[in-house]
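Peer 1: predicted model, plus sequence, below.
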Amino acid sequence: MQIGESTTVVIFGASGDLTSRKLIPALYSLYRKNRLPGNFRIVGYSRSSLTDEEFRDRVQAVENGRDCEPSHAGQWTEFSQMIHYHSGSFTDEGGFKAFDERLKGYEKGNTNRLYYLATPPQLFTSIVGNLGRTGMVREDGSWRRVVIEKPFGRDLQSAHELNHTLHHDLDEGQIYRIDHYLGKETVQNVMVFRFANAIFEPIWNRNYIDNVQITVAEQLDVGHRAGYFDQSGVLRDMFQNHMIQMLALVAMEPPSSFEADAIRNEKVKLFSAIRPISDEMVSQETVRAQYEGYRKAEGIPADSETATYAALRLHIDNWRWKGVPFYLRSGKALQKKTSEIIIQFREPPHVMFPLPQGYTITSNMLALRVQPDEGIHLRFEAKVPDTAADMRSVNMDFRYADSFGGCSIPEAYERLLYDALNGDASLFTRSDGIEKEWQFIDPIIRGWESKHAPKLATYKRGTWGPKEADKFLARDGRQWLTV
Ligand code: BG6
């Protein structure tokens with residue numbers, strides 16, 4: 001892959017958590033894999049006053065890398081020399097001009113720039129506005145790209161307005177709206193699994209699939225992000241982006257090519273086919289819950305109604321999926337961290353075996369394990385040896401660690417930064433896509449705030465969520481499945 005000769009990555013909001021936890025480690029890993037251009041630098045930008053050295057120290061925790069990686073002392077010292085820091089305001093245009101001059105001083109000539117907005121969302125428009133007014137996003141022999149972190153708006157209207165404002169200074173092709181779930185290998189593998197194998201796609205439809213379940217469970221509670229989370233809630237935090245993107249990859253039609261727009265067109269078509277959940281339907285189609293003790297956490301109002309858990313039942317109105325329910329659930333403070341997509345197939349139409357009293361055949365299940373223990377498992381019935389026709393469910397397993405080694409899966413941010421540097425927008429959300437996502441979530445949020453809202457259930461920490469979520473599936477004669 002070709003990356004232009006001289007490139008600068010500017011991180012706005014560089015003193016924040018994301019920079020030291022994700023962005024610098026991702027860039028460092030790319031450096032170690034020799035995937036960064038020779039003439040490269042990272043410039044952190046924040047309000048805090050720090051010297052280059054102090055900033056380097058702050059992000060140096062990455063030096064040890066992951067346990068399974070070979071030791072690389074020395075490389076960090078070399079890499080850290082590419083890291084600089086500039087302190088300034090996000091709203092002062094004059095400050096941006098001075099910053100631009102400083103960047104030019106490092107760059108000495110035609111240089112590509114990737115601006116990463118890792119700031120609180122209220123700053124996005126003033127940063128892009130200043131970049132626009134100072135000519136810092138003008139493409140003049142080299143490219144200028146802007147990566148925008150989530151949340152992208154807090155409803156359809158604000159997302160639409162944000163798109164509109166960004167388009168004043170940037171072409172759509174310069175905007176990279178990030179959803180880090182799309183950078184996960186296992187999420188990308190959904191497309192390879194479906195479209196690089198001939199045996200799954202013919203059965204990937206209403207004739208063979210009974211239901212689809214997508215779970216993103218987190219063990220952590222809201223912790224120090226209470227202020228942000230209480231304003232967002234689980235629907236905005238997890239469903240509007242990660243959950244719905246995974247749904248799109250599972251359910252969309254095969255794109256005609258691997259081009260960014262071919263993939264994104266199919267996703268938008270899929271989003272358009274999701275049946276909207278109206279106010280009146282919201283208590284039928286959703287469960288909302290909060291873990292016990294949430295209201296006692298620092299920064300959370302004692303009467304907060306914010307949901308930390310949600311389960312939804314969705315329908316996709318097209319030929320492929322008519323009548324197949326998609327159950328999505330995600331929550332904080334659950335039993336363990338696990339993300340998986342489960343495809344439950346229909347039962348065989350006729351059972352010829354003399355089954356023991358009370359035994360029913362378990363239908364086939366395909367589990368795409370997103371994390372941890374990444375892999376794919378297919379459950380099917382097998383004959384128990386030395387019996388006439390007794391059966392038991394067994395698994396056929398593929399584990400990334402076994403097939404590709406324990407360190408084969410890079411961090412999602414590494415892939416996304418690499419793609420943004422290479423101008424590949426396939427794993428980023430286009431303006432119409434993000435608005436479609438909100439178009440789907442908005443009515444549910446409104447329904448939850450209306451008189452039709454389902455009662456806010458509660459659940460104990462360390463469980464799999466509220467019992468209401470189990471009843472929700474039991475009502476359809478189903479249960480939540482897990483590998
Ligand atoms: C983020 C959410 O986008 O994703 C967090 O804001 C959540 O609340 C996180 O914890 C989950 O990401 P991962 O990669 O740890 O599953």
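Peer 2: Nice, thanks for sending it over. Worth saying up front: this structure is predicted, and the values here are computed from it rather than measured.
Peer 1: can you pull out the strands in the stretch 301-450 of the chain?
Peer 2: The residue ranges that make up the strands of the stretch 301-450 of the chain, judged by DSSP state E, counting those that start in this stretch, are 309-314, 326-331, 338-345, 365-371, 375-383, 391-399.
Peer 1: how about low-confidence regions in the chain?
Peer 2: For the chain, the stretches flagged by pLDDT under 70 are 1-4, 61-71, 73.
Peer 1: element containing Glu161?
Peer 2: Secondary structure from DSSP states H and E places Glu161 in helix 156-169.
Peer 1: got the buried residues for that helix?
Peer 2: For helix 156-169, a neighbour-count test (16 or more other Cβ atoms under 10 Å) marks 156, 159-160, 162-163, 165-166, 169 as buried. Quick note: C-beta positions are derived from backbone N, CA and C, even for glycine.
Peer 1: report the two of those residues separated the most.
Peer 2: Greatest spatial distance among these (Cβ to Cβ): Leu156 and Asp169, at 21.9 Å.
Peer 1: for the residue of the stretch 1-150 of the chain found nearest the ligand, give me its contacts.
Peer 2: Here the stretch 1-150 of the chain gets closest to the ligand at one residue, Lys150, 6.0 Å apart by Cβ to the nearest ligand atom. Contacts for Lys150 (Cβ atoms under 8 Å, 6 or more residues apart in numbering) come out as 121, 177-179, 241.
Peer 1: what does the protein have sitting close to the ligand?
Peer 2: By Cβ under 6 Å from any ligand atom, the residues of the chain that approach the ligand are 150, 218, 237, 339.
Peer 1: can you put the residues you listed in TSV and add secondary structure and distance to Trp319?
Peer 2: Written out in TSV, the entries for the residues of the chain next to the ligand read as follows (DSSP: H, G, I helix; E, B strand; the rest coil; distance: Cβ to Cβ, whole Å):
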residue	secondary structure	distance to Trp319
Lys150	coil	32
Glu218	coil	35
Asp237	helix	33
Ser339	strand	29
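Peer 1: buried among those? Need that as a selection in PyMOL.
Peer 2: Selection of the buried residues among these in PyMOL, burial being defined by 16+ other Cβ under 10 Å:
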select buried, resi 150+218+237+339
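Peer 1: other SSEs contacting the helix holding Glu161?
Peer 2: Contacting helix 156-169 under the criterion 3 or more Cβ pairs under 8 Å, 6 or more residues apart in numbering; DSSP states H and E are the following elements: helix 124-133, helix 431-448.
Peer 1: tell me how far the last one lies from the chain's centre.
Peer 2: Computed by Cα atoms, centre = their mean, to the nearest Å, the chain-centroid distance of helix 431-448 equals 16 Å.
Peer 1: coming back round to it: of the contacts of Lys150, closest to the ligand?
Peer 2: The shortest approach to the ligand among the contacts of Lys150 belongs to Asn241, at 6.8 Å (Cβ to the nearest ligand atom).
Peer 1: quick one: contacts for that closest one?
Peer 2: With contact taken as Cβ under 8 Å, 6+ apart, Asn241 is in contact with 150-151, 179, 181, 429, 437.
Peer 1: now swap in Met82 and tell me
Peer 2: Met82 sits next to 31, 40-42 when contact means Cβ under 8 Å, 6+ apart.
Peer 1: excluding chain neighbours, what is closest to it?
Peer 2: Here the nearest residue to Met82 in space, its sequence neighbours aside, is Arg41; by Cβ to Cβ, 6 or more residues apart in numbering that works out to 4.9 Å.
Peer 1: now Asn130
Peer 2: Spatial nearest neighbour of Asn130, excluding adjacent residues (Cβ to Cβ, 6+ apart): Phe96 at 4.3 Å.
Peer 1: tell me which element the one you found falls in.
Peer 2: Phe96 belongs to helix 93-107 when elements are defined using DSSP H and E.
Peer 1: what pairs with the following helix or strand past that helix, parallel or antiparallel?
Peer 2: Toward the C-terminus, helix 93-107 is succeeded by strand 112-117 as the next helix or strand (DSSP H and E). The pairing partners recorded for strand 112-117 under DSSP bridges are strand 6-12 (parallel), strand 144-148 (parallel).
Peer 1: now these as CSV including mean neighbour count?
Peer 2: Putting those into CSV (neighbours: other Cβ atoms under 10 Å) gives the following:
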stretch, mean neighbour count
strand 6-12, 23
strand 144-148, 23
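Peer 1: need the ones you listed in a markdown table (columns: distance to Leu473).
Peer 2: As requested, the strands paired with strand 112-117 are exported to a markdown table (distance: least, Cβ to Cβ, whole Å):
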| stretch | distance to Leu473 |
| --- | --- |
| strand 6-12 | 43 |
| strand 144-148 | 36 |
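Peer 1: from the chain's centroid, how far away is the helix holding Glu161?
Peer 2: Averaging C-alpha coordinates over helix 156-169 and over its chain gives two centres that are 21 Å apart (Cα atoms, centre = their mean).
Peer 1: contacts for that helix?
Peer 2: Residues outside helix 156-169 that contact it (Cβ under 8 Å, 6+ apart) are 124-125, 128-129, 131-133, 137, 146, 148, 152-153, 175, 431, 434-435, 438-439, 442.
Peer 1: please produce a ChimeraX select command covering the buried subset of these.
Peer 2: To isolate in ChimeraX the members of the contacts of helix 156-169 that are buried, counting by 16+ other Cβ under 10 Å, one can use:
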select :124,125,128,129,131,132,137,146,148,152,153,175,431,434,435,438,439,442
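Peer 1: which residue, other than its chain neighbours, is closest to the residue most central in space within the chain?
Peer 2: Centroid check for the chain by Cα atoms, centre = their mean gives Tyr181 as the closest residue, at 2.5 Å. Ranked by Cβ to Cβ, 6+ apart and with sequence neighbours excluded, the top spatial neighbour of Tyr181 is His242, at 4.0 Å.
Peer 1: Asn205 versus Arg346, what's the distance?
Peer 2: 11 Å (Cβ to Cβ, to the nearest Å).
Peer 1: ok, Ile277 touching Thr286?
Peer 2: Yes. Using Cβ atoms under 8 Å, Ile277 makes contact with Thr286 at a distance of 6.8 Å.
Peer 1: what touches both of these two?
Peer 2: Both Ile277 and Thr286 are in contact with 312, 444, 447, where contact means Cβ under 8 Å, 6+ apart.
Peer 1: list the residues that contact the last one.
Peer 2: Read that as Gly447. Contact criterion Cβ under 8 Å, 6+ apart gives 277-279, 281-283, 286, 453 as the residues in contact with Gly447.
Peer 1: then Arg154?
Peer 2: When contacts are taken as Cβ under 8 Å, 6+ apart, Arg154 is in contact with 121, 231-232, 236.
Peer 1: same question, Val192
Peer 2: Val192 is in contact with no residue at all, counting by Cβ under 8 Å, 6+ apart.
Peer 1: also Ala412?
Peer 2: Going by Cβ under 8 Å, 6+ apart, Ala412 touches 180-184.
Peer 1: who touches the residue of the stretch 101-250 of the chain found nearest the ligand in this structure?
Peer 2: Closest approach between the stretch 101-250 of the chain and the ligand, counting by Cβ to the nearest ligand atom: Asp237, at 4.8 Å. Contact analysis of Asp237 by Cβ under 8 Å, 6+ apart lists 151, 229.
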